[in-house]
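the amino acid sequence is not available; the structure is as follows:
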């Protein structure tokens, strides 16, 4: 008992010190820390006050092709297609719902935003993206922006609360995740899991084009999954986004990005496209039931609209970006009518 | 699990609470489970190695205990040494040995190749194998009675605060403490927390802020001007000191929370007048290990001078190779051995004693030792001998680039603070030093340390340097 009598006043002194430290930190170091570690905050701060529609996107929002005459992003095209609205964007390569959520929390409520459009990338649901090598850097960048006391955020940054992962650990996690996916249980083909499926592709590949074989394996690896709606981190984050939008009184639009269905059908077959289309449909239904407008563009673009041919990405030529922007515009017009 | 991670922030208090809540007779089980969990958080499979090492040495100890004649004990000592060093060789040195041998075979035009193994080096393997070896040797020599409780022995091998990077404890020091009844003492908690706080400050605020600066220069020395290269070399001396000293303090502090005293591993090493003194102040648990189990058995200094010098060189070469399977570590050890011998040849004992009384001369000697150590660290830090020479070439003859190191005023202030603190703490430890100060100074330092720890720590994930050994 004696020891607790000694410790109690010291704990109190420590608590007071922490309050003082928080004040000092905010006054002296927070801004420089934000500029150094969370420069994305500048994109959030730069949202024009007259913005009415805010678009959250990742690399799919950007032009990556030299062949594009019109290099406008999807959000810029949307801005042109909706003359009555002012569309601004926050674009962060490799971002996903967990990142959008934190950025949304940081958007000031003293503006004219009435609708937020959030990119939903099916590929971001796979293990490779969840445990991507870019994830640590992304988590580190948003750590200081989390809705918590600033000193606590800095404490987490100091103690590596962004959970850095080395490659070995990442691959272990990816392998564990992928082997836990039971494609048979999900009603899909006679493969236990993705590894099993990839092995079959390797063994049965016809022809000498090893690049195409590798692409087929990449498509299988990337899209051969089913989504556990109860515990998938992306689903949890999208649900949090819905709560934030409700709080901030924003209408919410999720748009599922187009995937190269044509190529995956050609290289892997209909089993994989069924999984992709099924996952997109389930996502659309799940979030529509929660009152979100969901635009399912997963099969919108054909192979010729995709600028990357060697790896599954959502990088589109201008025609592809325009098609997406038009679909979002249609959704707006429908909503207004 | 790293000491500077969120996981440890939760792990340690939970374990300490459990430790004091449990009756003494069950505490070893909790600490053992906690230690295995701590170690398995790197890789579950590593546990197998530690259990293997534990069982072999426990068995060898028990068997040696049975016989009084050394001749009958010897096979078990050999079994212990071969299995521990064999494991170390396989995981740490096999590829170095294979690559070197294969190069020699190519030079000799022999058409044979020793295969390389894709094995991940288990964290802390060099530390715990040395710890268990000291037990086996002591039992063999009759200095110790073999442990008859497998649980306590396993805990001695794997006690989490010092498991992965020391201090390398002796059985006779650690195990009696693990077995004795420890009551919750205010002083233990207070001093343990003080050491953890200061250790984290040194690691996270000093070493982790210097790390990225050093890395940028070492990755591309040709881009930097001579001043930046010199600074990077000096900064590395402080980075590795802060990194390892900080780790050791957290280890000692964590054990202290349970009322267990681990040995000090550092005593202001950069205030050493010569290399011999440096090694009495740097990584003390390793240097005393080498002294007791290699240097003395070789004859120590009670031999002819030439043989003594050879003994010194052998110890430093083995010490270098203990750190890693790379020629850079061998070179590093040789440098220390060379300067140790050179200093001995140049200075008589009398002369060294006279230096003690002159402040100005002392500073010059400190500086000389620091420069030698910094020179040696350059090999330690470099990925290859060629890389180290490139650093020296750029330092002395300039480099094509003229970039300056991105040095901030905060770094300069922090490093100066650490330097001053280190001088103030000369031959003393923070917990004891601060105890003698007034309440204002005490709480003032707590405030500054906690504030710097939270607000000024490096944000990059810089692992403890000694974890790779």
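Sure, I can see it. Owing to the predicted nature of the structure, the values given are computational and were not obtained by experimental measurement. Numbering: from 1, shown residues only, chains lettered A, B, ... in the order given.

the stretch 1-150 of chain B: helices as residue ranges?
Ranges of helices in the stretch 1-150 of chain B, per DSSP state H, counting those that start in this stretch, are B:6-21, B:24-40, B:46-66, B:70-88, B:94-107, B:125-140, B:150-158.

of all those, which one is nearest chain A?
Among those, the nearest to chain A by Cβ to the nearest Cβ is helix B:6-21 (5.0 Å). C-beta coordinates here come from the backbone N, C-alpha and C atoms, glycine included.

what angle do that closest one and helix B:24-40 make?
170 degrees (axes from the mean of the first three to the mean of the last three Cα atoms, to 10 degrees).

helices and strands around helix B:6-21, which ones?
helix B:24-40 (3 or more Cβ pairs under 8 Å, 6 or more residues apart in numbering or on different chains; DSSP states H and E).

and the contacts of the helix it packs on?
B:1, B:11, B:15, B:18-19, B:22, B:46-47, B:50, B:123-124, B:149, B:151-152, B:154-155, B:158-160, B:163-164, B:178-179, B:181-182, B:258 (Cβ atoms under 8 Å, 6 or more residues apart in numbering or on different chains).

one step back: single out the most deeply packed of the helices of the stretch 1-150 of chain B.
Sort those by mean neighbour count, taking mean count of other Cβ atoms under 10 Å in any protein chain shown, and helix B:125-140 sits at the top with a mean of 23.

tally of neighbours for residue 307?
Picked chain A for this. Using other Cβ atoms under 10 Å in any protein chain shown, residue A:307 has 19 neighbouring residues.

not quite, go with chain B.
A count of nearby residues for residue B:307, using other Cβ under 10 Å, gives 13.

what sits against residue 322?
Just going to use chain A. A:70, A:77.

please refer instead to chain B.
Contacts of residue B:322 (Cβ under 8 Å, 6+ apart): B:126, B:130, B:286, B:329, B:469.

could you do residue A:6 as well?
Residue A:6 touches residue B:186, counting by Cβ under 8 Å, 6+ apart.

can you give me the strands in the chain?
By default, I'm working from chain A. Remark: strands assigned in chain A by DSSP state E are A:53-57, A:87-91, A:115-120, A:251-256, A:293-296.

care to break chain B down by domain?
As recorded under automatic domain parsing, the domains making up chain B are B:6-184, B:187-468.

now render these as a markdown table, adding mean pLDDT.
Formatted as a markdown table, those follow (pLDDT from 0 to 100):
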| stretch | mean pLDDT |
| --- | --- |
| domain B:6-184 | 91 |
| domain B:187-468 | 90 |
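
so for residue A:262, which of those sits nearest?
domain B:6-184 (39.7 Å; Cβ to Cβ).

quick one: end-to-end length of that closest one, please.
25 Å (Cα to Cα, to the nearest Å).

find the nearest non-adjacent residue to residue A:219, please.
Closest residue in space to residue A:219, ignoring its immediate chain neighbours: residue A:264 at 4.5 Å, by Cβ to Cβ, 6 or more residues apart in numbering or on different chains.

neighbours of that neighbour, how many?
Count around residue A:264 with other Cβ under 10 Å applied: 25.

give me the distance from stretch A:142-156 to the chain's centre.
21 Å (Cα atoms, centre = their mean, to the nearest Å).

sounds good, over and out.
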